[in-house]
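>>> no sequence for this one, just the structure:
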């Protein structure tokens, strides 16, 4: 019988696990685990997301898989300070070199430059990565329901929270959202982008968010480009939005952030 070609997600998971194994060969799991537990306390990402209005999570983003360079970011620490000055309550840092041109070391430098919580943007599938991200300054960790079996998803949420961080469970379908709820996720991010096709489904948030329990913080990822779209997501129940490309391609990232933050704080913007 012909062999079945692995899906895009399966290929990514396999590659990530290979890279993790290489790093673990240099720094054993027990050592990275001990280091993570000796780190200073994480910043309170939950509190940042629960502020009135719709919170802006500003993403430092150079590129994305299959795309040309979006922005030439030579000084991410300086950019992070501009985003914080513009009112962003959380800053997201890509830590994958492949596809995103980021690194754990850069995330650590960014964290040292600002006071707001840091969201690690990476493909997290293994406990080693959770402890590693904490060592490099992460306060919030993303977990993609699509690539994690339910027991692994639940175990990783527990591990993230045991370190004082917040787990952002990314979903793309109502079925994945139901799994996130069953795993007792506190934060659910609805990602409008299908990474198998790279297509955007801007209606995904509207289809999923209303069905989530009121206890869950709702985050919109991908497809937010301007204040009007932020308000649209907020009207559908978004407590926060992740915005990267619009900000990093602006001639004035601070002002671009301020405009988005102002929209999220407008009296017409629904608030938890």
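In hand now; what should we look at? Since we're looking at a predicted model, the values are computed, not measured.
>>> contacts and neighbour counts: CA atoms only from here.
OK.
>>> if we look at stretch 212-231, which residues are touching it?
49-50, 54, 177, 181, 185-193, 200, 202, 205, 209, 233, 237-243, 245-246, 259-260, 263-264, 269 (CA atoms under 8 Å, 6 or more residues apart in numbering).
>>> what does stretch 75-94 give?
Applying CA under 8 Å, 6+ apart, the set of residues contacting stretch 75-94 from outside is 45, 48-49, 55-61, 73, 100-103, 106-107, 109-110, 113-114, 116-122, 253-258, 261.
>>> hmm, 7 Å instead?
Around stretch 75-94, the neighbours that count as contacts under CA atoms under 7 Å, 6 or more residues apart in numbering are 48, 55-61, 100, 102-103, 107, 109-110, 113-114, 116-122, 253-255, 257-258, 261.
>>> thinking again about what came up before, now which of the contacts of stretch 212-231 would you call buried?
Listed as buried from the contacts of stretch 212-231 are 49-50, 54, 177, 181, 185-193, 202, 205, 209, 233, 237-243, 245-246, 259-260, 263-264, 269; burial here means 16 or more other CA atoms under 10 Å.
>>> and those residues, which of them are in helices?
Per DSSP state H, helices hold the following members of the buried ones among the contacts of stretch 212-231: 49, 177, 181, 205, 233, 245, 246, 259, 260, 263, 264.
>>> now, the most widely separated pair of those?
Comparing every pair within these by CA to CA identifies 181 and 259 as the most remote, at 32.8 Å.
>>> Okay, now the unreliable bits of the stretch 101-250 of the chain?
194-198 (pLDDT under 70).
>>> The same query, at a cut-off of 90, please.
101-102, 192-203, 222-226, 244-245 (pLDDT under 90).
>>> Just the helices from it, written as ranges.
Here the stretch 101-250 of the chain has its helices, by DSSP state H, counting those that start in this stretch, at 104-113, 127-135, 150-162, 174-182, 204-208, 227-235, 245-248.
>>> Could you dump these into JSON lines with distance to residue 12 added?
Supplementary listing: the helices of the stretch 101-250 of the chain in JSON lines, determined by distance: least, CA to CA, whole Å:
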{"stretch": "helix 104-113", "distance to residue 12": "18"}
{"stretch": "helix 127-135", "distance to residue 12": "15"}
{"stretch": "helix 150-162", "distance to residue 12": "17"}
{"stretch": "helix 174-182", "distance to residue 12": "19"}
{"stretch": "helix 204-208", "distance to residue 12": "23"}
{"stretch": "helix 227-235", "distance to residue 12": "29"}
{"stretch": "helix 245-248", "distance to residue 12": "23"}
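>>> Quick check: which of these is nearest to residue 35?
helix 127-135 (6.6 Å).
>>> by contact count, what packs against that closest one?
Where contact means 3 or more CA pairs under 7 Å, 6 or more residues apart in numbering; DSSP states H and E, helix 127-135 is packed against helix 29-37.
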